[in-house]
Structure formats: structure tokens, C-alpha cells
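Peer 1: Below is the sequence, then the predicted model.
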Amino acid sequence: MSHVLLICKKELKSYFASPIAYLLMAFFGLIFGFGFYTATRDFVRFSFQAQMMGQQGPMNVNEQIIRPLLGFASTVSLFLIPMITMRLFAEEKKTGTIELLLTSPVTDVQIILGKWLGAMLLYVCVLLMSVVNIAMLFAWGKPDLKPVLVAYLGLLLQGGCLLAIGAFISTLTKNQIIAGGVTFFVCLLLWLLSWMTAFDSTGASQIISYLSIVTHFENFGKGVLDSKDVVFYLSMIYFALFMTARSMESLRWRA
């Protein structure tokens, strides 16, 4: 476990030693902040209109601000995750340090877990940029906390799934641009699967829809914690990391 933590620390430090981490956090914070401003502006406008028309009952902050915002955050992460994972192994292969890593007294599993956890921690730092905006809603409003926590859990599981896929793709090439591009294409495909089968009820379409990351995030966005969605994400993470281990084993034999 100590080797995993050392690799994780090294990976996280390398992100913050370059502009990557700061650019990702700034980009996400700017985009999410703009979405937050738009959502709250429309919420206040509709609230005033409802009061002027004599409609009773307060508007739901969770449903009309937080849920759309965190769904928006899951979409924005599709663009950020490839930039996090593209360098995980591709850079090691390009600089030649992959041979040193493979011949060091650590196992492939420790290397993979350390790098994946480092990427996860950076992803958490990126998501934290949204907490400031969400906290303002709790300071001046009364949203329900539990659905928010469930939605953030969904973002973490979805992010962990896509980061694991990106780590696997990064082992297949030494070109970071190719690794990032292919990762984005795969993430986008997994995101669009539910759209492609939205009006088809056949068995094959249901299976394809089940593989969509959007399908399983919907319950989290609603504040519903369903075990089948958790199992899906954890299974995808395990499968992607397993494939990464097989790819690393192939690299070790060729080295």
C-alpha cells in the first residue's frame, strides 16, 4: 500500500508542477460558475413571476438549480478527463521512464492503482471548484443535502470509470494527443449510447443503453442511490483497470 501511495503522490505532484492542474480547475470553475449564474438568475426570475401570478409554494432549489448543474458538470467532465489521463502512461513511454518503472520493485497493480488514484485526486480537486457555488445555495437557501451528496457520489463514480478507461488507452500509445483524442471519443460514445437507443425498445438496444454512463448517472442526479448503478460503475472501473494491467504485462514482456 505504501508503494501505491508514493506513486499517487508523485503523480499528483507532477500535475501541479505543470499548468495542467491549474488550467483544468480554472476552466471547470469558469464554466460551472457561468452555469451557476445562469441557473440562479432564471430561478429568481421565475420565482418573481410565480409570485406575481399568485402561485403558491416555494420553487425547489434541488430540482431547478442543483440537479441541472451537477448534470452539466458530468457533461463538462467528458472534456476534462482525457486531459487528465492522456499523460499517465503515454508520457512515461515517450520519455523512456516506463522501463525504469517496470523494473522497479513494484508490481503492475501498484503502479496502475497509484496513477489512477493520483488522477482521481486531481479530478476531486476539479470538482471542488463547484462546491463553492453549491455552498452559496446552502448559505442563502434551504436545499436538501442528501440528494446533493448522492449526486456528487455519482460524479466521483462516473469520473473514476472514465479515468480508468483513459488510463488503459494511455498504455496503448506514446503520443499524448492520440491518447487524449481516443479517450475523448470513447467517453463521448459511452455518453451518447443512451441517445442512440432512446426510441428503440428491443433487447439489443436495452443492453446498449445499459452501457451508457448517462443512464446510470440519472438516478444519482435525482438523489436516488441504486445499487445497480453503483455496481455498474465499480464493474467498469475494475474491468478497465484489469485491461490496463494486461496491457502493462505486455509492455513488461516486450521490455
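Peer 2: Happy to help now that I have it.

Peer 1: Go ahead and confirm V148 touches A135.
Peer 2: No - V148 lies out of contact with A135 (CB atoms under 8 Å); the separation is 10.2 Å. The C-beta positions use only the backbone N, C-alpha and C, and glycine is treated the same way.

Peer 1: The two: which has the busier surroundings?
Peer 2: The neighbour comparison of V148 against A135 (other CB atoms under 10 Å) goes to V148, with 20 against 10.

Peer 1: With adjacent residues omitted, what lies nearest to the more buried one?
Peer 2: I66 (5.9 Å; CB to CB, 6 or more residues apart in numbering).

Peer 1: do G114 as well
Peer 2: In space, G114 is closest to I7, 2.6 Å off (CB to CB, 6+ apart).

Peer 1: Could you pull up the contacting residues of that neighbour?
Peer 2: With contact taken as CB atoms under 8 Å, 6 or more residues apart in numbering, I7 is in contact with 106, 110-111, 113-115, 118.

Peer 1: Tell me the buried residues in the helix or strand in which it is found?
Peer 2: Using DSSP states H and E, I7 falls within helix 2-16. Under the neighbour-count criterion of 16 or more other CB atoms under 10 Å, helix 2-16 has 3-4, 7-8, 11-12, 15 buried.

Peer 1: next one: stretch 145-162
Peer 2: Result for stretch 145-162 [16+ other CB under 10 Å]: buried residues 147-148, 150-152, 154-162.

Peer 1: got the contact list for that stretch?
Peer 2: Outside stretch 145-162, the residues touching it (CB under 8 Å, 6+ apart) are 62, 66-67, 70, 73-74, 77-78, 81, 116, 120, 123-124, 127, 134, 138, 183, 187, 190, 213, 216-217, 219-225, 229-230, 233-234, 236-237, 240.

Peer 1: In helices only, show me those residues.
Peer 2: 67, 70, 73-74, 77-78, 81, 116, 120, 123-124, 127, 134, 138, 183, 187, 190, 213, 216-217, 219-221, 229-230, 233-234, 236-237, 240 (DSSP state H).

Peer 1: List only buried entries from the residues you listed.
Peer 2: Buried among these (16+ other CB under 10 Å): 67, 70, 73-74, 77-78, 81, 116, 120, 123, 127, 134, 183, 187, 190, 213, 216-217, 219-221, 229-230, 233, 236-237, 240.
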